[in-house]
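next one to model:
(chains A and B)
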Amino acid sequence: DTGVSQDPRHKITKRGQNVTFRCDPISEHNRLYWYRQTLGQGPEFLTYFQNEAQLEKSRLLSDRFSAERPKGSFSTLEIQRTEQGDSAMYLCASSAGNVYNEQFFGPGTRLTVL
Amino acid sequence: RKEVEQDPGPFNVPEGATVAFNCTYSNSASQSFFWYRQDCRKEPKLLMSVYSSGNEDGRFTAQLNRASQYISLLIRDSKLSDSATYLCVVNIGSSASKIIFGSGTRLSIRP
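Got it, this is the predicted structure:
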């Protein structure tokens, strides 16, 4: 399968714990995006990498959130001191950065904070 | 006013019907447009990009109206498998944070 993959698919944690998610983009894609989606809403932009450089971060991304893409391939998203409001689906997408810049999504990591 | 707005639905139509959704956007400088399909508890999947001249892919037709700032998706001869949420996506600027997803329109096809 050469699509975007994410791990884990589900994560249940207690409030205050740290969690880390991984995303492996389509191999030839240089752009990688993280989104958060809650029930009944469309995905909301969190952050964006072009190769290993993190070029944009949303105001939604508080200090408890950090993302890396150290070698320009896979990316990790860490949430420290999780809160119940962090419960959501975390989606990763990648794109080739061509004219239309179509994004392809991974299956997501569903986070539940108890 | 939201940057990208969609009628949330649900649209409940019989199999074989034709159904159309609109999506309005607020920024006249928006540059690119897409329709995604999302099944329950799954990731969004790209359905089609929307080109200035309009485009068709089988039973699906997408159109862009820049003057009125909306895009549309038409589904002909609807199938049960078309039941999903359809997300409108608008790139309202040159940066990644300006790729805005609508909240989606739910479509349910009944036998």
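
can you list the residues of chain B near chain A?
Residues of chain B found near chain A (Cβ under 8 Å from any Cβ of the partner chain) are B:4, B:8, B:32, B:34, B:41-46, B:49, B:87, B:89, B:91, B:95-97, B:99-104. Every C-beta, even on glycine, is put in place using the N, C-alpha and C of the backbone.

so of these, which ones are in strands?
If you go by DSSP state E, these have B:4, B:32, B:34, B:44-46, B:49, B:87, B:89, B:91, B:99-101 in strands.

pull up the pairing partners for the helix or strand of chain B with the lowest mean pLDDT, direction included.
Using mean pLDDT, DSSP states H and E, strand B:99-101 stands out as the lowest-scoring helix or strand of chain B, at a mean of 90. Using DSSP bridges, strand B:99-101 pairs in its sheet with strand B:84-91 (antiparallel).

ok, how many other residues are close to B:Val90?
25 (other Cβ atoms under 10 Å in any protein chain shown).

verify the contact between it and B:Ile100 for me.
Yes. Between B:Val90 and B:Ile100 a contact is recorded at 5.3 Å, counting by Cβ atoms under 8 Å.

which residues are in contact with both of these two?
Counting by Cβ atoms under 8 Å, 6 or more residues apart in numbering or on different chains, the residues touching both B:Val90 and B:Ile100 are B:Glu3, B:Val4, B:Tyr25.

which one of these is nearest chain A?
B:Val4 (7.9 Å; Cβ to the nearest Cβ).

per-residue confidence at B:Ala96?
Per-residue confidence (pLDDT) for B:Ala96: 67.

just to revisit the earlier point, who wins on neighbours among the ones in strands among the residues of chain B next to chain A?
Counting by other Cβ under 10 Å, top hit in these: B:Pro44 with 28 neighbours.

residues near the spatially closest residue to it that is not a sequence neighbour, how many?
Distances taken as Cβ to Cβ, 6 or more residues apart in numbering or on different chains place B:Tyr36 nearest to B:Pro44, at 4.0 Å, with adjacent residues excluded. When neighbours are defined as other Cβ under 10 Å, B:Tyr36 has 24 of them.
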